[in-house]
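> build the 3D model from these lines:
(one chain, ligands or ions: 1)
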Amino acid sequence: MLPSVLPARPALSDTTTTRKQLETSQSLAKVTTPQETAIFLCAVQDCHKLFPSRDRLMQHRKKEHGSDEDSNIITWNE
Ligand SMILES: [Zn+2]
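Here you go, the predicted structure:
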């Protein structure tokens, strides 16, 4: 299972993976799209937890931050 907070690091292009490795990996893992895998990030300072829906994020916001303010949300699904 993924941790709820992921460390940031620079994105680099992959120059070492071969086509064969890529094809092999596709039988082990599912390739998905932003539409199929919704991600909502709580962008309140130092939080950055991930949620699968805006509703879940808002439940977290109320519980952990004591607020129902709906700014500071990072998503590509809206
Ligand atoms: Zn939060």
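
> how far away from the center of its chain is stretch 16-27?
Mean-position distance between stretch 16-27 and its chain equals 23 Å (CA atoms, centre = their mean, to the nearest Å).

> what's the average pLDDT for that stretch?
Mean per-residue pLDDT for stretch 16-27: 86.

> okay, the nearest residue to Asn77 once chain neighbours are set aside: pLDDT?
Excluding its sequence neighbours, the residue lying closest to Asn77 (CB to CB, 6 or more residues apart in numbering) is Ala38, at 4.4 Å. Just so you know, the C-beta spots here come from the backbone N, C-alpha and C atoms, and that holds for glycine as well. Note for Ala38: predicted pLDDT of 90.

> residues near Ala38, how many?
Residues near Ala38, counting by other CB atoms under 10 Å, number 15.

> quick one: it from the ion, how far?
Counting by CB to the ion, to the nearest Å, the gap from Ala38 to the ion is 17 Å.

> which parts of this protein sit against the ion?
The chain comes close to the ion at residues 42, 44, 47, as judged by CB under 5 Å from the ion.

> now list the buried members of those residues.
Using 16 or more other CB atoms under 10 Å as the burial test, these include 42, 44 as buried.

> with pLDDT and secondary structure added, can I get the residues of the chain next to the ion in JSON lines?
Output for those, formatted as JSON lines (pLDDT from 0 to 100; DSSP: H, G, I helix; E, B strand; the rest coil):
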{"residue": "Cys42", "pLDDT": "95", "secondary structure": "strand"}
{"residue": "Val44", "pLDDT": "93", "secondary structure": "coil"}
{"residue": "Cys47", "pLDDT": "94", "secondary structure": "coil"}
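
> distance to Pro10 added to the residues of the chain next to the ion, as CSV?
Output for the residues of the chain next to the ion, formatted as CSV (distance: CB to CB, whole Å):
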residue, distance to Pro10
Cys42, 23
Val44, 24
Cys47, 22
